[in-house]
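[1] I would like to see how this sequence folds:
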Amino acid sequence: MQSFILVIHLLLVVTLVVIVLIQPSEGGGIGAGSTFSFMAVRSTKNALTRLTAILALCFFLTSILLTVVETISNKRKLDRLNHIPVSNITTTINQTV
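    The predicted model follows:
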């Protein structure tokens, strides 16, 4: 399950980067910004802004989900270690020495 979430997470990252790079600039940069194309780009800008927000939300959710899955996975590993009898560990250590 963790690998599936990780693949989704990476796809979200790539898509988010592409969507951010596709967006038109605000015109606040050096020499950028044309007043003639302002109204023509507005509807596209709104759709890309919404898509960016949705992808960012999904990115944060998958990040949190990956953290939770990893924590649960590590907790199970630690629980397994707690069930190993101490006598077996000391016997193994004494045999290797």
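
[2] so what's Leu12 closest to, chain neighbours aside?
    Phe59 (4.9 Å; C-beta to C-beta, 6 or more residues apart in numbering). C-beta: built from backbone N, CA, C; applies to glycine.

[3] Mind checking the pLDDT average for the host helix or strand of that neighbour?
    Taking DSSP states H and E as the criterion, the element that holds Phe59 is helix 38-82. The predicted model assigns helix 38-82 a mean pLDDT of 81.

[4] circling back to that earlier point, quick one: contacts for the residue nearest to Leu12?
    9, 12-13, 16 (C-beta atoms under 8 Å, 6 or more residues apart in numbering).

[5] Out of those, who's the most crowded?
    Note: the member of the contacts of Phe59 with the most neighbours is Leu12, at 20 neighbours, neighbours being other C-beta atoms under 10 Å.

[6] Just the pLDDT for that one.
    We have a pLDDT of 96 for Leu12.

[7] For it, pull up the helix or strand it's in.
    Using DSSP H and E, Leu12 falls in helix 2-22.

[8] Alpha carbons of that helix, as PDB, please.
    Once non-C-alpha atoms are left out, helix 2-22 reads as follows in PDB (Å, rounded to 0.1, in the frame of the first residue of the first chain):
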ATOM      1  CA  GLN A   2       2.900   2.300   0.800                       C
ATOM      2  CA  SER A   3       4.400   1.900  -2.700                       C
ATOM      3  CA  PHE A   4       1.000   2.700  -4.300                       C
ATOM      4  CA  ILE A   5       0.600   5.900  -2.300                       C
ATOM      5  CA  LEU A   6       4.200   6.800  -3.100                       C
ATOM      6  CA  VAL A   7       3.500   6.400  -6.900                       C
ATOM      7  CA  ILE A   8       0.400   8.600  -6.600                       C
ATOM      8  CA  HIS A   9       2.500  11.100  -4.600                       C
ATOM      9  CA  LEU A  10       5.200  11.300  -7.300                       C
ATOM     10  CA  LEU A  11       2.600  11.700 -10.000                       C
ATOM     11  CA  LEU A  12       1.000  14.500  -8.100                       C
ATOM     12  CA  VAL A  13       4.400  16.200  -7.800                       C
ATOM     13  CA  VAL A  14       5.200  16.000 -11.500                       C
ATOM     14  CA  THR A  15       1.700  17.200 -12.400                       C
ATOM     15  CA  LEU A  16       1.900  20.100  -9.900                       C
ATOM     16  CA  VAL A  17       5.200  21.300 -11.300                       C
ATOM     17  CA  VAL A  18       3.900  21.100 -14.800                       C
ATOM     18  CA  ILE A  19       0.700  23.000 -13.900                       C
ATOM     19  CA  VAL A  20       2.600  25.700 -12.100                       C
ATOM     20  CA  LEU A  21       5.000  26.200 -15.100                       C
ATOM     21  CA  ILE A  22       2.000  26.400 -17.500                       C
END
